[in-house]
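Trainee: Pasting the sequence and the predicted coordinates here, then a few questions.
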Amino acid sequence: MRWLTNLLMIKDEERSALLYYVTLFVLLGVGLSVGRGSMAALFLKRYGVEYLPVMYVALSVCLAATSITYAAYVDRVASERLFVKMLGMLGALIASSWAFMTFTNVEWVYPAYYLVYELTSEMLLIHAKLYVDQNFDSLQLQRLSAPMFASAHIGKTVGGLVLGVIAPLIGVANTLLIWAAFVIIPVLLIVRRHADVGMSPFFRPGRKGRGGLRQSINQVTQGMKFFQKTALLRASSYAFFFMVISFFILNYAVDRVLAETFPREDQLAAFIGWVTAIMGALALLIQMLVTGRLLRYFGVTKVGLIFPSSMVLSFLALLITFTLPAALIGMFSRDVIFHAIRKPARMVFLHALPDYMLGRVSALSIGMVLPLALLAASGFLLLTQNLPNPFYFVVGGVFSSLWYLYFRMRANRTYTPALLSTLSHRLFLPHRHG
């Protein structure tokens with residue numbers, strides 16, 4: 001253990017905190033992996049892949065409402081308290097979904113469960129990043145963020161193995177209880193941790209009491225004004241818009257191939273579990289051994305082009321053969337390149353923004369840009385999914401991923417000026433990063 005901590009440049013006084021965060025992210029990763037596989041199998045087999053475009057519309061509305069609400073309160077409430085509330089609500093929703101699936105015959109529970117997973121997977125990952133930011137300074141983050149966030153891939157690998165083994169034995173619906181357990185345990189862990197160490201040290205609570213509603217509105221308004229006047233955010237928003245369109249068209253294509261390949265939901269859930277385990281292990285290895293070197297040698301702007309390029313290649317593979325091997329290429333891009341390369345590169349990319357805006361900027365990106373892109377993707381799929389050949393919506397994916405690549409290159413041009421501006425403010429203003 002000492003050899004490992006020396007290799008990762010972990011100080012003795014940081015070991016306990018790092019162990020806590022690694023454990024937390026492993027548990028969350030296991031739960032999200034089980035939840036994702038069960039959600040996909042249940043929705044595709046009990047409800048139907050043809051309803052996915054409609055779900056994208058519903059998801060866009062729910063994401064907008066959830067993200068704006070989150071943006072209003074994220075900078076006013078300590079991250080650990082908000083984390084506990086979010087996880088507690090998630091646990092209740094999962095348990096309710098299981099009860100409806102087990103004891104009733106209502107069909108709306110499957111699209112509801114789909115929305116529960118998609119919403120929480122987005123918001124929990126955003127909040128996990130903010131939670132870490134409020135508990136470590138920038139020098140610690142440079143050393144510790146890699147093992148902390150890589151541990152989520154360990155959890156996804158374990159969760160995939162659990163789903164692959166358990167789903168055929170107990171039924172896909174009963175795996176929701178496993179996810180619920182891996183939501184409740186992190187709640188207990190967070191409560192115990194902060195009962196010992198107190199509030200997150202880098203959280204600065206806002207004014208409470210009267211005027212809370214006005215303050216919440218001001219939080220959102222300030223974030224939107226910052227969004228409009230910052231060239232880096234405007235440029236990257238176009239890239240994010242086409243990334244979302246490409247991502248969800250790819251999701252639809254992959255899910256359609258899987259639904260046509262596996263006739264039973266337990267077979268589909270087991271396959272997703274095993275593939276998730278493999279992809280999680282690959283993502284872990286790439287993030288730990290490759291991503292840092294890529295960022296160091298090529299820079300964040302060039303590394304940021306890897307994921308859009310992989311999306312283009314995924315759609316070209318599906319254009320050549322709309323079968324399981326091409327779907328696996330798409331899953332590799334979606335589950336490995338996205339998490340192991342795109343997300344770490346984006347975290348570095350966002351360092352060009354002031355820290356006090358990071359929570360609101362992330363939430364507003366999901367609350368404004370993502371819903372519009374989801375509506376565009378769902379409208380396109382509704383027009384093309386019933387055509388006799390999948391060629392048409394795959395071609396749409398090719399073009400949207402090419403636009404994503406183009407606008408990502410344009411966003412790179414604004415990165416250095418924005419970074420220099422932010423660094424100059426940090427040099428002359430009192431700040432926790434020194």
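Mentor: Ah, there it is. The shown structure was predicted, so the numbers you read here are calculated from the model rather than taken from an experiment.
Trainee: going forward, measure contacts between C-alpha atoms and count neighbours the same way
Mentor: Will do.
Trainee: Which of the three states applies to Met199?
Mentor: Secondary structure, DSSP: H, G, I helix; E, B strand; the rest coil: Met199 is coil.
Trainee: Identify the residues contacting it.
Mentor: The neighbourhood of Met199, defined by Cα atoms under 8 Å, 6 or more residues apart in numbering, consists of Ala78, Glu80.
Trainee: Do you know the pLDDT at it?
Mentor: Each residue has a pLDDT score; the one for Met199 is 81.
Trainee: How about the one 4 residues further on?
Mentor: According to the predicted model, the pLDDT of Phe203 comes to 67.
Trainee: Could you do the one 4 residues further on as well?
Mentor: In this prediction, Arg207 carries a pLDDT score of 48.
Trainee: Next: the one 10 residues further on.
Mentor: If you check Ile217, the pLDDT there is 57.
Trainee: go on, His431?
Mentor: His431 is assigned a predicted lDDT (pLDDT) of 44.
Trainee: low-scoring pLDDT stretches of the stretch 1-150 of the chain, where are they?
Mentor: Judged by pLDDT under 70, the stretch 1-150 of the chain has its weakly predicted residues at 1-14, 75, 137-143.
Trainee: Please report the number of neighbouring residues for Leu18.
Mentor: Here the count is done by other Cα atoms under 10 Å, and Leu18 has 17 residues near it.
Trainee: tell me the contacts of it?
Mentor: Counting by Cα under 8 Å, 6+ apart, Leu18 touches Leu144, Met148.
Trainee: Equivalent analysis for the one 5 residues further on, please.
Mentor: Each residue near Thr23 by Cα under 8 Å, 6+ apart is listed here: Ser151.
Trainee: From Met86, how far off is the spatially most central residue of the chain?
Mentor: Central residue check for the chain by Cα atoms, centre = their mean: the C-alpha nearest the mean position is that of Glu122, 4.5 Å away. Distance of Glu122 to Met86, given as Cα to Cα, to the nearest Å: 12 Å.
Trainee: and if you look at Ala99?
Mentor: Distance of Ala99 to Met86, given as Cα to Cα: 20 Å.
Trainee: go on, Leu32?
Mentor: Using Cα to Cα, one gets 14 Å for the distance from Leu32 to Met86.
Trainee: between those two, which one's more packed in?
Mentor: Counted by other Cα under 10 Å, Leu32 and Met86 do not tie: Leu32 has more neighbours, with 25 against 17.
Trainee: The more buried one: helix or strand, and which one exactly?
Mentor: Element membership for Leu32 (DSSP states H and E) is helix 15-46.
Trainee: in that helix, what counts as buried?
Mentor: Neighbour-count burial for helix 15-46, counted by 16 or more other Cα atoms under 10 Å, picks out 18, 21-45.
Trainee: the helices in the stretch 251-400 of the chain, which residues?
Mentor: Counting by DSSP state H, counting those that start in this stretch, one finds helices in the stretch 251-400 of the chain at the ranges 265-286, 292-298, 300-303, 306-320, 324-332, 343-349, 358-364, 370-384, 391-412.
Trainee: ok, back up a step: joint contacts of Glu122 and Met86?
Mentor: Between them, Glu122 and Met86 share no contacting residue under Cα under 8 Å, 6+ apart.
Trainee: which parts of the strand or helix carrying His194 are buried?
Mentor: Under the criterion of DSSP H and E, His194 resides in helix 175-197. Neighbour counts over helix 175-197 (16+ other Cα under 10 Å) mark 175-180, 182-184, 186-187, 189-190 as buried.
Trainee: cool, and stretch 45-65?
Mentor: Of the residues in stretch 45-65, those with enough neighbours to count as buried (16+ other Cα under 10 Å) are 45, 47, 49, 52-53, 55-64.
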